[in-house]
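[1] here is the input, now give the coordinates:
(4 chains)
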Number of protein chains: 2
Amino acid sequence: MTLTETNSWTGIRKELLRRIHSRVWQPGEQIPHEADLAEEFGCARTTVNRALRDLAESGLVVRKRRAGTRVALNPPQRATLTIPIIREEVEATGRTYRHSLLERDFRPLPPMLHGAFPATLSEDVLYLKTLHFADNRPYAYEERYINLNAAPEARDTAFDEVSANEWLVHNAPYSHGDISFFAVSADKTLSRKLDAGSGTALFAMERITWAGNMPITHVHLIFAPGYRMRTEI
Amino acid sequence: MTLTETNSWTGIRKELLRRIHSRVWQPGEQIPHEADLAEEFGCARTTVNRALRDLAESGLVVRKRRAGTRVALNPPQRATLTIPIIREEVEATGRTYRHSLLERDFRPLPPMLHGAFPATLSEDVLYLKTLHFADNRPYAYEERYINLNAAPEARDTAFDEVSANEWLVHNAPYSHGDISFFAVSADKTLSRKLDAGSGTALFAMERITWAGNMPITHVHLIFAPGYRMRTEI
DNA sequence: AAGTGGTCTAGACCACAGG
DNA sequence: CTGTGGTCTAGACCACTTG
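    Residues are numbered from 1 along each chain as shown, chains lettered A, B, ... in the order given. Model (predicted):
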């Protein structure tokens, strides 16, 4: 009989975590079902359910109807990244944000993106090239394509005051998207814009967002040397 | 009167999402409280709560007691990264995994990590250097320090069969950790090990995990050229 | 077919923070 | 102090999936 402090779902989660970490319940092993745990803890099944659901979300246990709940064999490290608007990211470190619009024009969708923007093959898209600064030092270089069908008002927006980044968040909310992270070598342009030695390794992110099945925007962001994306698990 | 299909919490979430995306509820605006929504949807408050809690977790709304629920002004992009064991990551793409232990010795903690491993300054740590392969091509290069106080059995483990990566997941579960991602340039060693041209930009990850306040391991992973870390939002 | 998790309800009390 | 979200309960029915 283990005396947990309370019958709160967090208290129960804590005790379940203890049993998993201390190997009372081995990896792969099936744990008692909700009803039994509820009885043991003297609480409603709903409360146990809440605790187990939380553990399942973080990947520590695997739940299946009829098959019960098992301790995960290879608990994946699941990390939640918060990708803020660049301005907020910069200002959060106490620095001053500024951005400069380097290029803005309408052009056919580059072939590279035909796969990503299937619906707008024949339409021009808005192309933006932006440099973001923190305390007047280059912070990130951005290339962006905006689908004007998804955000018609973008056609008449200058993007010199409010960055496209921020404007889109407020004016063309997305329902889902893909993000990927990778490394690129600074070519001549990047090297000049980001004040990086030629060939320097730079952290980069590519992101496509959609509203339903309509693509909104494709962004390629390349960060100045030394950038790190951090998170806790 | 909007007719949503069901009274399921996902159905309610869908309708709430629609109202947010369609600007029925403007960013920053306060939305009706749970009791009113429950009445409107003809369901229990608990069900509305579940839907709103989910939206709050994804950052779309901000909830405060007494102050009510508001549509987030700058909804951050919150992405959940799943960082699997390398073997599983490789095998998930249909390739064959293999790893090779390049170095294994005991040494004092390098000064660089004194900040991270405060408790073990005077103790030797286990140092491992590993190369991971996918279909016999280099996949990632790993340097790892293991705190022997946190995982004493590691002292007598060879790590030639099971990788340290995998062994630790099963033998030294962590409670929390820090991860960061960045780009590095291939130096001579990396270039040789990872079959990359010298100076190639490589994607890298640094991770420290803890069990309570005891550090377990510090890993530095550098991936072969072309690696991308992907996720959906 | 039956066992297990998934969800919903109606009601209650609590905790926190704004006025 | 009061209104709002946060949580808990006891019970019920449903949905999935495995044996």
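[2] which element is the residue nearest in space to the middle of chain A on?
    Chain A has A:Leu81 as the residue nearest its centroid, 4.9 Å off, counting by C-alpha atoms, centre = their mean. Assigned by DSSP states H and E, A:Leu81 belongs to strand A:77-83.
[3] helices or strands next to that strand in the packing?
    In terms of contacts (3 or more C-beta pairs under 8 Å, 6 or more residues apart in numbering or on different chains; DSSP states H and E), strand A:77-83 is packed against strand A:229-232, strand B:77-83, strand B:176-185. In this view, the C-beta of every residue, glycine as well, is placed from N, C-alpha and C.
[4] can you list the buried residues in the helix or strand following that strand?
    Remark: after strand A:77-83, the chain's next helix or strand is helix A:86-91, criterion DSSP H and E. By 16 or more other C-beta atoms under 10 Å in any protein chain shown, the buried positions in helix A:86-91 come out as A:Ile86, A:Arg87, A:Glu89, A:Val90.
[5] next, the contact list for the second one, please.
    Applying C-beta atoms under 8 Å, 6 or more residues apart in numbering or on different chains, one finds that A:Arg87 lies in contact with A:Tyr97, A:His99, A:His132, A:Ser163, A:Asn165, A:Glu166.
[6] what is the burial count for whichever residue of chain A sits closest to DNA strand C?
    Of all residues in chain A, A:Arg66 sits closest to DNA strand C, at 2.6 Å by C-beta to the nearest atom of the strand. When counting by other C-beta atoms under 10 Å in any protein chain shown, one arrives at 4 neighbours for A:Arg66.
[7] domain parsing for chain A?
    Domains of chain A are assigned by automatic domain parsing as A:9-71, A:86-223.
[8] and for the residue of chain A found nearest DNA strand D, the neighbour number?
    As assessed by C-beta to the nearest atom of the strand, DNA strand D sits closest to A:Ser8 within chain A, at 2.9 Å. For A:Ser8, the neighbour count with other C-beta under 10 Å is 14.
[9] just the one 3 residues further on next, same as before
    Burial measure for A:Gly11: 16 neighbouring residues, criterion other C-beta under 10 Å.
[10] now it, what's its secondary structure?
    Three-state assignment for A:Gly11 (DSSP: H, G, I helix; E, B strand; the rest coil): helix.
[11] adding mean pLDDT and distance to B:Leu113, write the domains of chain A out as TSV.
    Formatted as TSV, the domains of chain A follow (pLDDT from 0 to 100; distance: least, C-beta to C-beta, whole Å):
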stretch	mean pLDDT	distance to B:Leu113
domain A:9-71	93	24
domain A:86-223	91	22
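[12] turn those domains into CSV, including distance to B:Phe181.
    Below are the domains of chain A laid out as CSV (distance: least, C-beta to C-beta, whole Å):
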stretch, distance to B:Phe181
domain A:9-71, 19
domain A:86-223, 6
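[13] for the closest residue to A:Ser191 other than its chain neighbours, give me its contacts.
    Using C-beta to C-beta, 6 or more residues apart in numbering or on different chains and skipping the chain neighbours, the partner closest in space to A:Ser191 is A:Ser198 (4.5 Å). Contact analysis of A:Ser198 by C-beta under 8 Å, 6+ apart lists A:Ala186, A:Asp187, A:Lys188, A:Ser191.
[14] I'd like to know how many residues surround the residue nearest to the residue nearest to the centre of chain A when sequence neighbours are not counted.
    Nearest residue to A:Leu81 in three dimensions, chain neighbours excluded: B:Ala79, at 4.7 Å (C-beta to C-beta, 6+ apart). B:Ala79 is flanked by 20 other residues according to other C-beta under 10 Å.
[15] can you pull the pLDDT of B:Ala79?
    B:Ala79 carries a pLDDT value of 84.
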